[in-house]
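Asks: structure here, sequence nowhere to be found:
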């Protein structure tokens, strides 16, 4: 009788231990499941943050004198336009107003003048646009927001409407004119920045201060003129350094703020 009671107590104790172990096992499984869910959620958040950061860094405005889809190797400058593809905005002057003419003048940056020439024979539409913008005083007070400095990619880009590198969707024009077949824009070239299409030229231009090679796969960039004197104005700005941008240490804003005092063409 005594042994029977003892055996019963031991059996109950074993059952209680088994039940406790089973409960502990269930709790461990639940904890593992919960931890896995939390880890998966954390990973999803990390991936989402990484994607947002990547888009922020690599999707920049498209209206700089040296920037297409690859910021470190091309010039672009225009957001989506309301103007039908392949046509000019209504306020863009006709190419005929400059065709066959050569305009000379002065571009003054930070009080330092440069002699410039714009060729209406090789680039009549660009010449008409920039003669009109210069005559209206559009460029006075505008800035040069982009500077690049590498062996074959060295330019200063200017003329953005708000100084941020974005173009004006209400002022776009084309086509690309006088684009070098070999993609080389010699030092002192004055060319037009654009966006992704050949009718996305705007008010931005760039000046190369070293021989510069640019992609010609989408038509290249309009070479409208040249600096005839004072190119050292830009080389001195370049010597002041670059604030690194999306294109890295050799492509960003000039450390020396550059303002256009005047741009005249006659």
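Replies: That came through, no problem. Please read all numbers here as calculations on a predicted model, not as lab measurements.

Asks: helix, strand or coil for residue 128?
Replies: Assigned with DSSP: H, G, I helix; E, B strand; the rest coil, residue 128 falls in the helix class.

Asks: my guess is it contacts residue 93, does it?
Replies: Yes - using CB atoms under 8 Å, residue 128 is in contact with residue 93, at 4.4 Å. The way it works is simple: take the backbone N, C-alpha and C, and place the C-beta from them, glycine included.

Asks: which parts of the protein are strands?
Replies: 102-109, 112-119, 146-150, 153-158, 184-185, 189-194, 201-208, 212-213, 223-229, 242-245, 248-254, 260-265 (DSSP state E).

Asks: residue 172: which of those is closest?
Replies: Closest to residue 172 of the strands of the chain, according to CB to CB: strand 201-208, at 5.6 Å.

Asks: run through the neighbouring helices and strands of the closest one.
Replies: Applying 3 or more CB pairs under 8 Å, 6 or more residues apart in numbering; DSSP states H and E, we find strand 201-208 packed against helix 124-136, strand 153-158, strand 189-194.

Asks: residue 249: which of these is closest?
Replies: strand 153-158 (12.7 Å).

Asks: how close does residue 128 get to residue 212?
Replies: Applying CB to CB, to the nearest Å, one obtains 25 Å for the distance of residue 128 from residue 212.

Asks: what do you get for residue 265?
Replies: Applying CB to CB, the value for residue 265 to residue 212 is 23 Å.

Asks: and what of residue 139?
Replies: Distance from residue 139 to residue 212, by CB to CB: 22 Å.

Asks: the more surrounded of the two?
Replies: Neighbour tally, residue 139 and residue 212, criterion other CB atoms under 10 Å: the higher count belongs to residue 212, 24 against 21.

Asks: ok, now which ones touch the more buried one?
Replies: Counting by CB atoms under 8 Å, 6 or more residues apart in numbering, residue 212 makes contact with 66, 152, 153, 154, 155, 184, 185, 187, 189.

Asks: 10 Å instead, please
Replies: By CB atoms under 10 Å, 6 or more residues apart in numbering, the contact list for residue 212 reads 66, 75, 148, 150-155, 183-187, 189, 191, 206.

Asks: which of those are buried, as a ChimeraX select command?
Replies: To isolate the buried ones among these in ChimeraX, judged by 16 or more other CB atoms under 10 Å, type:
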select :66,75,148,153,154,155,185,187,189,191,206
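
Asks: does residue 188 touch residue 156 like I think?
Replies: No - using CB atoms under 10 Å, residue 188 makes no contact with residue 156, being 11.6 Å away.

Asks: which one of these two has more residues nearby?
Replies: Taking other CB under 10 Å, residue 188 and residue 156 do not tie; residue 156 has more neighbours (25 against 21).

Asks: quick one: end-to-end distance for stretch 253-264.
Replies: The first residue of stretch 253-264 is 25 Å away from its last residue (CA to CA, to the nearest Å).

Asks: just stretch 88-108 next, same as before
Replies: Terminal residues of stretch 88-108 are spaced 29 Å apart (CA to CA).

Asks: quick one: buried residues of that stretch?
Replies: Within stretch 88-108, the residues that count as buried by 16+ other CB under 10 Å are 88, 89, 92, 93, 95, 98, 103, 105, 106, 107, 108.

Asks: no further queries at this time; thank you.
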